[in-house]
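Visitor: fold the stuff below for me.
(one chain, ligands or ions: 2)
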Amino acid sequence: MQTLLTSAQMRKADEFTIEHLPIASIDLMEKAARAFVHCFLRNEFDTNKSIAIFCGKGNNGGDGLAIAHLLLHNGYSNIKVYLVNFSDKQSLDYAINLQRLEESRCKKIVLNTAADLKSIKSDIIIDAILGSGLNKPLEGEYAVLVDHINQSKKRVYAVDVPTGFFAEGKLPKEYNGIKALKTICFQRPKINFFMPESALATAQFEVVAIGLDEAFIQKQTADFYLIEEDDIKQILQPRKLFSHKGTYGHALIIAGNTDTMGAALLSAMACLHTGAGLTTACIPPSGLVALNTRLPEVMSLPRDEYTKIENPEKYQAIAIGPGLGVSNENERLLEHLITTNQPLIIDADGLNILAERQDLLSKLPAHSLLTPHMKEFDRLFGAHESWWERLQTAKEQAVKLKIVIVLKNQYTFVCSSEGKVYINPTGNPAMAQGGMGDVLTGVIAAFLAQKYATIDAAILGCYVHGKTGDQLAKDKYVVTASEVAPGIASTIHELM
Ligand SMILES: NC(=O)C1=CN([C@@H]2O[C@H](COP(=O)(O)OP(=O)(O)OC[C@H]3O[C@@H](n4cnc5c(N)ncnc54)[C@H](O)[C@@H]3O)[C@@H](O)[C@H]2O)[C@@H](O)CC1
Ligand SMILES: Nc1ncnc2c1ncn2[C@@H]1O[C@H](COP(=O)(O)OP(=O)(O)O)[C@@H](O)[C@H]1O
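Guide: Residues are numbered from 1 along each chain as shown. Ligands and ions are numbered 1, 2, ... in the order given. Sure, this is the predicted structure:
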């Protein structure tokens, strides 16, 4: 797992590195600039292109000056450096790099006001105006200048973070910062890059190492962690010699309705391909033919209006919700399951029932798992203005209810009952199609059936689900849930 730090913690890592490694602050800045340029050159390799670099007077601007110097050395000759002189303060390393640049062939233009910038003719813009030191939304001259840069419609590369974008914390509803094509950020991604609002600030981001003390960073107490493939490889267990179906648990999937049998099929199919020993689908009798035809391995438990799950303890995982329908019978069924005190995976209509029956929330068995998308989440816990606030609620509720909340999105947030948030990096927009969540529920149910801890089942489930979608999307515009479900088995195999 990569520990994700706040800007304040990153500054501490910066200070610690300078204090404990034989590296001076100005040399660390030089390393950061080199790392930026290395990455930049992989994206832009035509040295005939002209570049405008906008530098503020803090360390972000200092990086920009060092970058200008390095780009000159790498063959770019048409570079204009705009010195954004909107404040009196300047950082020491900025001053040193300015001095170094004085001796170079770079054209320098001082902007005392935004109006000093007439038009931007350069092909490419590098934004080094304000970095992670941003402490309030942009206003005045900064806002006008940034607007001017955005209006130019040039390709913008941001250094560390787009000017005006908060690395963490609530993002304002109206974003008036730099709109970058790409942000090349230092050592760790900013936590807010994982929020959908960041799409306004940067189309892509890439993280480059700049030599900060990794051991120090990993040791910091943090709320956010980025899941890495190595973590998944460590959690996954091989199938055992002499094992049999009983070794891998029995999953019960309570899903589907007359018009939504597909949801039950997708969940059950995903459960099979993720390796549950036995899978039973609790479906309406009208879906039996479909189930038997499509998934002969899956057993059925016909669901009628009086259904109660007898002996729930015989299942190692019970998932309820995909395509279930919201009705009095289903409400009774969910309430009955909750009172058996066996951990549940609750998705889709299971969540919608909970939203109507808030009294059941506090009765959820410990170690249960909720898998809402944004709308289901807000129905459950109230409307949220921003993803940052939504995530804070998810964190708090997971701790309060002693459950795991899987808040789904492009980057899914897995919130543990200990108050930690694990961010899943896999998955892609080709997966944005109905049924994809049903598959995720089946995958998580199968991992739970195989006796993985709840948090591990959620982390594994999100990762392999997204990774399967990534593999399939390599040569496809869209991937369907019916393709992802059977693909899970190969993904797990490759990871082991
Ligand atoms: N460990 C790291 O992360 C490293 C960071 N470096 C660079 O250092 C940057 C951070 O540098 P600084 O802390 O000097 O911060 P900035 O360069 O972001 O600028 C801070 C200055 O801007 C002012 N300011 C903040 N918000 C403003 C607003 N809305 N309007 C007007 N002025 C505003 C502040 O009062 C302060 O004077 C990073 O983004 C990165 O580019 C690198 O140089 C090397 C190592
Ligand atoms: N743009 C995307 N990038 C990554 N994953 C995505 C994207 N769109 C959807 N997904 C994944 O697909 C699933 C969709 O779940 P959900 O909205 O509940 O779908 P449904 O209810 O239609 O089955 C989630 O796991 C989500 O992370």
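Visitor: ligand 1 contacts on this structure?
Guide: Taking CB under 6 Å from any ligand atom as the contact definition, the chain meets ligand 1 at 10, 13-14, 28-29, 32, 56, 58-63, 87, 89, 91, 130-136, 138, 142, 159-161, 186, 210, 212. Using the backbone N, CA and C atoms, a C-beta is placed for each residue, glycine as well.
Visitor: mind listing which of these are in helices?
Guide: Mapping the residues of the chain next to ligand 1 onto helices (DSSP state H) picks out 10, 13, 14, 28, 29, 32, 59, 60, 61, 62, 63, 142.
Visitor: just flag the most distant two among those residues.
Guide: 13 and 142 (26.7 Å; CB to CB).
Visitor: mind checking which of the two has more residues around it?
Guide: Under the criterion of other CB atoms under 10 Å, the comparison of residue 13 against residue 142 puts residue 142 first, with 22 against 18.
Visitor: which residue, other than its chain neighbours, is closest to that one?
Guide: residue 86 (6.2 Å; CB to CB, 6 or more residues apart in numbering).
Visitor: doesn't residue 143 make contact with the one you found?
Guide: No. Assessed by CB atoms under 8 Å, residue 86 is found out of contact with residue 143, at 10.6 Å.
Visitor: just the closest of the ones in helices among the residues of the chain next to ligand 1 to ligand 2, please.
Guide: residue 10 (26.6 Å; CB to the nearest ligand atom).
Visitor: report the central residue of this protein.
Guide: residue 411 (2.7 Å; CA atoms, centre = their mean).
Visitor: dihedrals phi and psi, it?
Guide: phi -100, psi 110 (degrees, to the nearest 10).
Visitor: ok, it - contacts?
Guide: 194, 423, 424, 425, 427 (CB atoms under 8 Å, 6 or more residues apart in numbering).
Visitor: near ligand 2 too, which of the ones in helices among the residues of the chain next to ligand 1?
Guide: Within those, nothing lies near ligand 2 by CB under 6 Å from any ligand atom.
Visitor: the helices in the stretch 101-250 of the chain, which residues?
Guide: Counting by DSSP state H, counting those that start in this stretch, the stretch 101-250 of the chain has helices at residues 140-151, 214-219, 229-235.
Visitor: ugh, typo on my part, it should be the stretch 251-400 of the chain
Guide: Remark: helices assigned in the stretch 251-400 of the chain by DSSP H, counting those that start in this stretch are 261-273, 288-294, 328-339, 348-356, 358-361, 374-381, 387-401.
Visitor: compute the inter-axis angle for the longest one and helix 374-381.
Guide: Read it as helix 387-401. 50 degrees (axes from the mean of the first three to the mean of the last three CA atoms, to 10 degrees).
Visitor: burial count for residue 54?
Guide: Neighbour tally, residue 54, other CB under 10 Å: 28.
Visitor: that one should be in a strand, yeah?
Guide: Yes. Applying DSSP: H, G, I helix; E, B strand; the rest coil, one finds residue 54 inside a strand.
Visitor: rewinding a little: of the ones in helices among the residues of the chain next to ligand 1, buried ones?
Guide: 10, 13, 14, 28, 29, 32, 59, 60, 61, 62, 63, 142 (16 or more other CB atoms under 10 Å).
Visitor: coming back round to it: for ligand 1, see how far away the residue nearest to the centre of the chain is.
Guide: To ligand 1, residue 411 is 21 Å away according to CB to the nearest ligand atom, to the nearest Å.
Visitor: now for residue 415, how many residues are close by?
Guide: Residue 415, neighbours per other CB under 10 Å, totals 27.
Visitor: cool, and residue 121?
Guide: Quick note: residue 121 (other CB under 10 Å) scores 11 neighbours.
Visitor: going forward, begin numbering at 30 instead of 1
Guide: Okay, using 30 as the starting number, the last item reads as residue 150.
Visitor: how much space between it and ligand 2?
Guide: Taking CB to the nearest ligand atom, one finds residue 150 at 36 Å from ligand 2.
Visitor: was I right about that residue contacting residue 78?
Guide: No. Assessed by CB under 8 Å, residue 150 is found out of contact with residue 78, at 11.6 Å.
Visitor: quick one: residue 306 and residue 278 touch, right?
Guide: Yes. Counting by CB under 8 Å, residue 278 is a contact partner of residue 306 at 5.4 Å.
Visitor: quick one: which of these two has more around it?
Guide: residue 278 (22 against 17).
Visitor: what are the phi and psi values at that one?
Guide: Dihedral angles (degrees, to the nearest 10) for residue 278: phi 80, psi 160.
Visitor: residue contacts, the residue lying closest to it once chain neighbours are set aside?
Guide: Excluding its sequence neighbours, the residue lying closest to residue 278 (CB to CB, 6+ apart) is residue 478, at 3.1 Å. Each residue near residue 478 by CB under 8 Å, 6+ apart is listed here: 277, 278, 279, 280, 300, 305, 306, 307, 344, 345, 346.
Visitor: apply 7 Å and report the result again.
Guide: Applying CB atoms under 7 Å, 6 or more residues apart in numbering to residue 478 gives the contacts 277, 278, 279, 280, 305, 306, 345, 346.
Visitor: pLDDT at it, what is it?
Guide: The per-residue pLDDT reported for residue 478 equals 97.
Visitor: next: residue 124.
Guide: Looking at residue 124, the pLDDT reads 95.
Visitor: residue 55 and residue 121 touch, don't they?
Guide: No. Residue 55 is not in contact with residue 121 according to CB atoms under 7 Å; the separation is 8.1 Å.
Visitor: which one of those two is surrounded by more residues?
Guide: residue 55 (15 against 11).
Visitor: okay, buried residues for stretch 241-258 please.
Guide: Under the neighbour-count criterion of 16+ other CB under 10 Å, stretch 241-258 has 241, 242, 245, 246, 251, 252, 253, 254, 255, 256 buried.
Visitor: could you do stretch 100-109 as well?
Guide: Applying 16+ other CB under 10 Å to stretch 100-109 flags 100, 101, 105, 107, 108, 109 as buried.
Visitor: next up, the contacts around the residue in the stretch 380-525 of the chain positioned nearest to ligand 2.
Guide: Going by CB to the nearest ligand atom, ligand 2 is nearest to residue 466 of the stretch 380-525 of the chain, at 2.2 Å. Residues near residue 466 by CB under 7 Å, 6+ apart: 376, 377, 400, 402, 437.
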